[in-house]
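Colleague: Predicted coordinates and the sequence they were generated for:
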Amino acid sequence: GGVFLSTNRGTNWTAVNTGLPSTTVYSLFANGSDLFAGTNSGVYLSTNDGTNWKAANAGLTTARVYAFVVRDTNLFVGTSRGVFLSTDTGTTWLAVNSGLTSTDVRAVVLSGTNLHAGTTGKGVFLSTDNGASWTEKSVGLSNKDVRSLAVIGAPLFAGTFGGGVFCSTDGGGSWTPANSDLWEPYIQCLAVSGADL
């Protein structure tokens, strides 16, 4: 159905899809007054709360865009073809996948100056140089189908498809299960609210 907007905390919703050719939307990301949609047809940008959308896909060699994260003026996306970087608000994109052995990236997150990518086949990867190179960081991650990542202070959490939640307290160097009382092992999304996950 595309993107819907509520101006009253979810009581009512209105479709806002003008200029959006694909209504399969995997992710939304707000950066100041810019709203980005990750779709089946790449990245789309709205500067007026979704009233109108325009393509922001130059250099993006993939259709499916699953996740966004921003660091200063650098915007990263996780896609079905790896990680891409834009330094001009999505006008142009550059693939930054050196060392990334699985290119189906469903999650990207920042932890301090470290960039982490969650993949569907090889677990979690770490970049300490703005995406220029990646190293796998999956020791103890018994399920490497990572669909979501979240950070609360120093701890890093990974939501997996079938293995529940894992936690790392050393920047992804090692992982332990964090599933006490969690009866559903298929984790598609993690969100942080204050100190709560």
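Modeller: Looks like it came in fine. What you see is a predicted model; the values in this text were computed from it and never measured.
Colleague: all helices for this structure, in order.
Modeller: With DSSP state H, there are no helices along the chain.
Colleague: Now do the spatially most central residue of it against residue 14, distance only.
Modeller: The centroid of the chain falls nearest to residue 67 when counting by C-alpha atoms, centre = their mean (2.5 Å). Distance of residue 67 to residue 14, given as C-beta to C-beta, to the nearest Å: 25 Å. All C-beta atoms are positioned from the backbone trio N, CA, C, and that covers glycine.
Colleague: same thing with residue 2?
Modeller: Distance, residue 2 to residue 14, by C-beta to C-beta: 11 Å.
Colleague: Of these two, give the one with the bigger neighbour count.
Modeller: Neighbours were counted for residue 2 and for residue 14 using other C-beta atoms under 10 Å; residue 2 has more, 17 against 10.
Colleague: doesn't residue 17 make contact with the more buried one?
Modeller: Yes. Residue 2 lies in contact with residue 17 (C-beta atoms under 8 Å); the separation is 4.0 Å.
Colleague: what residues are shared contacts of these two?
Modeller: The contact sets of residue 2 and residue 17 overlap at residue 23 (C-beta atoms under 8 Å, 6 or more residues apart in numbering).
Colleague: so what's the residue nearest to residue 187 when sequence neighbours are not counted up against?
Modeller: Among residues not flanking residue 187 along the chain, residue 159 sits closest, at 3.1 Å (C-beta to C-beta, 6 or more residues apart in numbering). By C-beta under 8 Å, 6+ apart, residue 159 lies in contact with 107, 146-150, 165, 187-190.
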